[in-house]
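Colleague: Predicted model, plus sequence, below.
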Amino acid sequence: MDVMIHSSSFLLPELPADQTSGAGPTYALVLLNQHLPRFTPLLWKHAQLRVCADGGANRLYDELPGLFPDEDASSVRNRYKPDMIKGDMDSIRAEVLEFYKNMGTKIVDASHDQDTTDLHKCVAFVRDFYADTETSTLCILVVGALGGRFDHEMGNINVLCRFSTIRIVLVSEDCLIQLLPSTHHHEIHIQSSIEGPHCGLIPIGTRSGSTTTTGLQWNLTNTEMRFGGLISTSNIVRGGIVTVQSSSDLLWTVSLKKS
Ligand SMILES: Nc1ncnc2c1ncn2[C@@H]1O[C@H](COP(=O)(O)OP(=O)(O)OP(=O)(O)O)[C@@H](O)[C@H]1O
Ligand SMILES: Cc1ncc(C[n+]2csc(CCO)c2C)c(N)n1
């Protein structure tokens, strides 16, 4: 089975040289309508496409200037122009919509679709935008996915499952969450300056018949995991590389260090 390599190098101030030369992932950033983490400007810099999901545009408008306390709010806003705002447009404020429309941001009202979330709509857009790009090189970073309403959080995690062939990372102030599809074996390269040591491996939707790991304090060896039984929470990363093999898709989560 092929090995999928994972690295959170998008949280480093500069991408490693092999990535800046075009060999690494193509990052897209999606901003949701929850508190934006402090490193949003860093992810913005690394991303080639930036999309706000509906009320995510309010967060960009309201919260980004606060991350640059020494600068004038309007000059910060003028520097961060999203490529697109997409969603059912029931949360974005009129003045925010007007501001970004005047800056040239593309606005897509998808209010006819009340069966998929704004994050789903944005991920589908990014996927289609990069339709000609090899899927394995695309990585969608999502900020504002956690905290607040639990139905929203579960909807956001469901997007990882619905688009399981695309690399998507939910990035909060405290942790990262991503899906490890069972179609691959996984090598997670830990950036110990920014992430760990706490981590978890969580089956989602169904039991995971057999999981084997290395590089954790409490490794699994052909172990079954299920809700109501064992799931691996409060585990600890021990080595620089964690490997995971599983018969079912799993969520991988790792804590982020408070710099
Ligand atoms: N409290 C929250 N916790 C986690 N994610 C959130 C939260 N609020 C919004 N989001 C995410 O941001 C996206 C855009 O938010 P927005 O408030 O514009 O959604 P919405 O269209 O009002 O959602 P809904 O109609 O389902 O209530 C949502 O699709 C969701 O992914
Ligand atoms: C069974 C079922 N439950 C909830 C919704 C509502 N819903 C789900 S996504 C969405 C859009 C949010 O921007 C809305 C309103 C539905 N359609 N079907």
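Modeller: The structure has been received and is ready for your questions. Ligands and ions are numbered 1, 2, ... in the order given.
Colleague: from here on, contacts and neighbour counts on C-alpha atoms
Modeller: OK.
Colleague: roughly how far apart are residue 205 and ligand 1?
Modeller: Plainly put, residue 205 is 19 Å away from ligand 1 if you go by Cα to the nearest ligand atom, to the nearest Å.
Colleague: Report the separation between that residue and residue 6.
Modeller: 23 Å (Cα to Cα, to the nearest Å).
Colleague: Tell me which of those two has more neighbours.
Modeller: residue 6 (16 against 13; other Cα atoms under 10 Å).
Colleague: you'd agree the more buried one is up against residue 188?
Modeller: Yes - counting by Cα atoms under 8 Å, residue 188 is a contact partner of residue 6 at 4.7 Å.
Colleague: List, one by one, the residues from the stretch 101-250 of the chain near ligand 2.
Modeller: Selection of the stretch 101-250 of the chain residues close to ligand 2 by Cα under 6 Å from any ligand atom yields 114-118.
Colleague: Report whether the expected contact of residue 82 with residue 51 is present.
Modeller: Yes - using Cα under 8 Å, residue 82 makes contact with residue 51 at a distance of 5.7 Å.
Colleague: Which of these two has more residues huddled nearby?
Modeller: More neighbours surround residue 51 than the other of residue 82 and residue 51, with 27 against 23 (other Cα under 10 Å).
Colleague: Quick check: neighbours shared by residue 82 and residue 51?
Modeller: Common neighbours of residue 82 and residue 51 (criterion: Cα atoms under 8 Å, 6 or more residues apart in numbering): none identified.
Colleague: Tell me the strands beside the host helix or strand of residue 170, with direction?
Modeller: Element membership for residue 170 (DSSP states H and E) is strand 167-171. Strand 167-171 sits in its sheet next to strand 138-143 (parallel), strand 175-180 (antiparallel), going by DSSP bridges.
Colleague: Quick check on residue 77: phi, psi?
Modeller: Note on residue 77: its backbone torsions stand at phi -60, psi -40 [degrees, to the nearest 10].
Colleague: correct me, but it touches residue 61?
Modeller: Yes - at 6.4 Å, residue 77 counts as touching residue 61 under the criterion of Cα under 8 Å.
Colleague: okay, how far is it across stretch 84-103, tip to tip?
Modeller: End-to-end distance for stretch 84-103: 11 Å, by Cα to Cα.
Colleague: actually stretch 132-144, sorry about that
Modeller: Per Cα to Cα, stretch 132-144 runs 28 Å from first to last residue.
Colleague: which residues touch it?
Modeller: Counting by Cα under 8 Å, 6+ apart, 24-37, 40, 43, 56, 123, 130, 165-172 sit against stretch 132-144.
Colleague: and those, which of them are in strands?
Modeller: The strands, defined by DSSP state E, take in 26-31, 167-171 from the contacts of stretch 132-144.
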